[in-house]
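Quick one, what's the 3D model for this:
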Amino acid sequence: MIAGSMVYINRMQEIISDFDGTVISSNDAIHSIELGTNIFMIHPFFESLKGSLDTRPDIYFTFPCINLSMGGKDYYCDVIIKKEKNFVAILLFNYSDHYNEVREKIQKINSEKLNS
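Numbering: from 1, shown residues only. Here you go, the predicted model:
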């Protein structure tokens, strides 16, 4: 496997659930999810989507920079949700390291501006 692709694989989690939210599979690349867990119970962000998944037949949502607190850790992820014929695919792209680096740089610049 190419080293660069490992970085990508370790930052993307694929979660598959049925329409009731029961997790059927997860690659656990970001956060370990026990099979059979309900996706709507993992985080309030997912719970807020429950009505949309129930009522709309064809769904493709993208959400940039969602703060997900799971397992005592904070993650900043882009989230894609796609409702397929027999399941719901949820993709999490973990950009936490990048977000934290940018936030630190911005804080440093703002501090320097305040001090001058």
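
so where is the chain shaky, pLDDT-wise?
Low-confidence segments of the chain (pLDDT under 70): 1-9, 55-56.

Look through it and tell me its longest helix.
Across the chain, the longest stretch assigned as helix under DSSP state H is helix 96-115.

That one packs against which elements?
strand 73-83 (3 or more CB pairs under 8 Å, 6 or more residues apart in numbering; DSSP states H and E). For glycine as for every other residue, the C-beta is placed from the backbone atoms N, C-alpha and C.

For the longest helix of the chain, buried residues please.
For helix 96-115, a neighbour-count test (16 or more other CB atoms under 10 Å) marks 96, 99 as buried.

okay, the angle between it and strand 73-83?
Here helix 96-115 runs at an angle of 120 degrees relative to strand 73-83 (axes from the mean of the first three to the mean of the last three CA atoms, to 10 degrees).

Mind listing residues that contact helix 96-115?
Applying CB atoms under 8 Å, 6 or more residues apart in numbering, the contact partners of helix 96-115 are 65, 74, 75, 76, 77.

hang on, residue 21 packs against residue 54?
No - at 9.7 Å, residue 21 and residue 54 do not qualify as touching, with contact defined as CB atoms under 8 Å.
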